[in-house]
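Visitor: A structural model of the following input is requested.
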Amino acid sequence: MLRVTDTRTGRLVEVPAPPRRLLRSRVHLPALDAATDDGTGIRPVHLRVLLIGDVLARVAELQGLQVVTALTTTAPPADDRSRALDRVMDVLGIHPPVVVGARHPDAALGGPADVHVTARGEGPADATSGVRIEVGPVTTVPSGEDTPPDGPRSPDGPAPAGAEAAAPTTPDDPTVPGTATAGAPDAADPLALRLLLLGFPYASPVTVTGEALATARHTLSEWRRQVAGWAREPSAPIPAELLRRSHEALVDDLGVHAVLDLLADAAARGDVRSGAKFETFAHLDRVLGLDLARDIGR
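Guide: All right, here's what the predicted structure looks like:
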């Protein structure tokens, strides 16, 4: 059973409604016509909305559901911005939707959407049925600058109170579209940004800084190194408690941030065999999408 919080009511709702086993998901992006440093019109919040839509689909599939996803926009994107969206989805490991740009995707979905994933305050006017998941804003600290005294700058809205910020790393890193102001992850490891964004509940505000991205890069590199080492050890089953707790977190409002904490704890535990750690990380990477087995055999 997969349950998500309907923003309009604040209640957890099972999706899709039983006994149906097909989840129809509509991911709706804010307009791409806002000025951005890289000229694509893609802002950090666009990346996060895409990511949460992908996580929703992956969690549903882990539960044995079929999923069909449509990506809609306020207005059809120009060709260059459509290509930039394709690049974003590719480098961040986001499964492509069945249709992109359609404002009324019911036909492509096979019926009305069960879930609408959108940025906070940006829901489409025609989303009158189904559950609404509103994704929190993303604030960036421009490369080469310290956090301003009144908080980090936010292309998605006012800086959230209490948001953490740190000094960014080098401004010369190649960027993923939508992250040009944030000291983005290098081209060899763009999934560090995915890891960073997954580390927060989807409705919470996130601040992207160079230091935070550097930490995510290090964590991702270390986990891949460990997974490659564990893969050389005899296989062992995933500990039942760890499997139960991770699945409970995922199906209870997409608690991926809690799963990341469980993985960090499991990696450090001496009472979990290496083969079991490998199976645990490989299994949960079906949702995380971090390519944790990439370094096996290298």
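
Visitor: any idea what residue 5 is bridged to?
Guide: Beta-bridge partners for residue 5, by DSSP bridges, are residue 12.

Visitor: check contacts around it.
Guide: Residue 5 sits next to 11-13, 133, 203, 253 when contact means Cβ atoms under 8 Å, 6 or more residues apart in numbering. Yep, even glycine has a C-beta here, placed from its N, CA and C like the rest.

Visitor: ok, and the most crowded of the residues you listed?
Guide: In terms of neighbour count, residue 133 stands highest of the contacts of residue 5 at 25 neighbours, by other Cβ atoms under 10 Å.

Visitor: which element, helix or strand, includes residue 58?
Guide: Residue 58 is part of helix 44-62 when elements are defined by DSSP states H and E.

Visitor: before we move on, the earlier item: quick one: which two of the contacts of residue 5 are the most distant?
Guide: Based on Cβ to Cβ, the longest span within the contacts of residue 5 runs between 13 and 203 and measures 14.6 Å.

Visitor: tell me where the stretch 1-150 of the chain has helices.
Guide: Secondary structure of the stretch 1-150 of the chain by DSSP state H, counting those that start in this stretch: the helices cover 44-62, 79-91, 106-109.

Visitor: can you pull the buried residues of stretch 198-206?
Guide: 198-200, 202, 205-206 (16 or more other Cβ atoms under 10 Å).

Visitor: show me how far that stretch is from its chain's centre.
Guide: Here the centre of stretch 198-206 is set off from its chain's centre by 9 Å, with Cα atoms, centre = their mean, to the nearest Å.

Visitor: give me the distance between residue 134 and residue 90.
Guide: 26 Å (Cβ to Cβ, to the nearest Å).

Visitor: so, low pLDDT: which residues of the stretch 1-150 of the chain?
Guide: For the stretch 1-150 of the chain, the stretches flagged by pLDDT under 70 are 33-38, 102, 143-150.

Visitor: tell me the contacts of residue 126?
Guide: By Cβ under 8 Å, 6+ apart, the contact list for residue 126 reads 103-104.

Visitor: now with 7 Å?
Guide: residue 104 (Cβ atoms under 7 Å, 6 or more residues apart in numbering).
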